[in-house]
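> Kindly generate the corresponding structure for this input.
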Amino acid sequence: MVTQEQRKRQLAREKFLRQQQRRTAARRKARMRNSVIASVLGVVLVGSLALYTSGVLKEDDKAGASSETTPSAAPSKAPDPCEKPAAGKVKTATWKKEPAVTIDKSAKYTMKLATTCGDIDLALKASAAPHTVNSFDFLAGKGFFDHTKCHRLTTEGIYVLQCGDPTGSGSGGPGYTIPDENLKDKSLKSNIYPAGTVAMANTGKAHTGGSQFFLVYQDSQLPPSYTPFGTVSESGMKVLKKIATAGAQAADPTTGNTAPNATVVINKATVTKS
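Here you go, the predicted model:
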């Protein structure tokens, strides 16, 4: 026969077990909830990183041109290997429409970027990217690139120097856009833009290139979405390597740009037909 005292103890044990079960269930729910939250945060973080990385070669959509948002580069204390910029001011003219294509697609065109770090000579692909080369011929003739800074150097993930924005912010352009071209160039293999490639930046959408372009100083994996329209000369590659060796600054909190430590300014851009 169970005494009253034994019955009390039994009820107390059962109550304790029920409390333990409730606590265990509560902890299990909490773990599940935290796991879901962590998963969501992980997706957001990965998504943000993917947007930030693929955005390297993007410009602000409002500008209708082309800046890339690339991985942040670690700050470097390397000395500035470049000279002071030549006297002069950046021109702010813009145009509503792409200029009519007037270049000779069968001719050879070259572009010289006389920069504070040395001359960077480019061989342009007029037949494969006529709209792009024609636009650069037009803009260079107007002095559009003169005295502009190369505003971004990426040193992680992809390896490019980005130029062509008169505002130096990554959101500037000529006021018009040009179509994508030459996206199946034979030089692009396995989604690799090889060192020495000159390609257009864009907003991440088709046919949104403007005036911003990037120079690849080391093989870089990118989707074939950026018009390759030229190649850098051997001497130009030496200049690019010098700029890259100096490193990049920490990402600007406003623009996300990782500016080169070197003072890279295009004193004069010239396109020549031969």
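
> which residues does the closest residue in space to Gln218 that isn't next to it in sequence contact?
Closest residue in space to Gln218, ignoring its immediate chain neighbours: Tyr159 at 3.6 Å, by CB to CB, 6 or more residues apart in numbering. For the C-beta atoms, the positions are set from N, CA and C on the backbone; glycine is no exception. For Tyr159, the contact set (CB atoms under 8 Å, 6 or more residues apart in numbering) comprises Ala195, Val216, Tyr217, Gln218, Asp219, Ser220, Ala244.

> Identify those among these that sit within helices.
Using DSSP state H, the subset of these located in helices is Ala244.

> now the contacts of Tyr159 in a markdown table, with pLDDT and neighbour count?
Listed next are the contacts of Tyr159 as a markdown table, based on pLDDT from 0 to 100; neighbours: other CB atoms under 10 Å:
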| residue | pLDDT | neighbour count |
| --- | --- | --- |
| Ala195 | 98 | 18 |
| Val216 | 98 | 26 |
| Tyr217 | 98 | 25 |
| Gln218 | 98 | 16 |
| Asp219 | 98 | 13 |
| Ser220 | 98 | 22 |
| Ala244 | 98 | 22 |
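
> Nearest to Pro253, out of the contacts of Tyr159: which one, please.
Ala244 (23.3 Å; CB to CB).

> Against Val264, how distant is the closest one?
Using CB to CB, to the nearest Å, Ala244 is found at 10 Å from Val264.

> what touches both of those two?
Taking CB under 8 Å, 6+ apart as the contact rule, Ala244 and Val264 both touch Leu153, Leu161.

> so how far is Leu139 from the residue nearest to Ser274 when sequence neighbours are not counted?
Excluding the flanking residues, the one nearest Ser274 by CB to CB, 6+ apart is Lys108, at 4.9 Å. Distance of Lys108 to Leu139, computed by CB to CB: 19 Å.

> So the two - more neighbours on which side?
Taking neighbours as other CB atoms under 10 Å, Lys108 and Leu139 compare with Leu139 leading, 23 against 13.

> Can you give me the distance of that one to Thr255?
Leu139 sits 22 Å away from Thr255, going by CB to CB.

> next one: Glu83
Here Glu83 is placed at a distance of 25 Å from Thr255 (CB to CB).

> Likewise for Leu57?
From Leu57 across to Thr255, the span is 14 Å (CB to CB).
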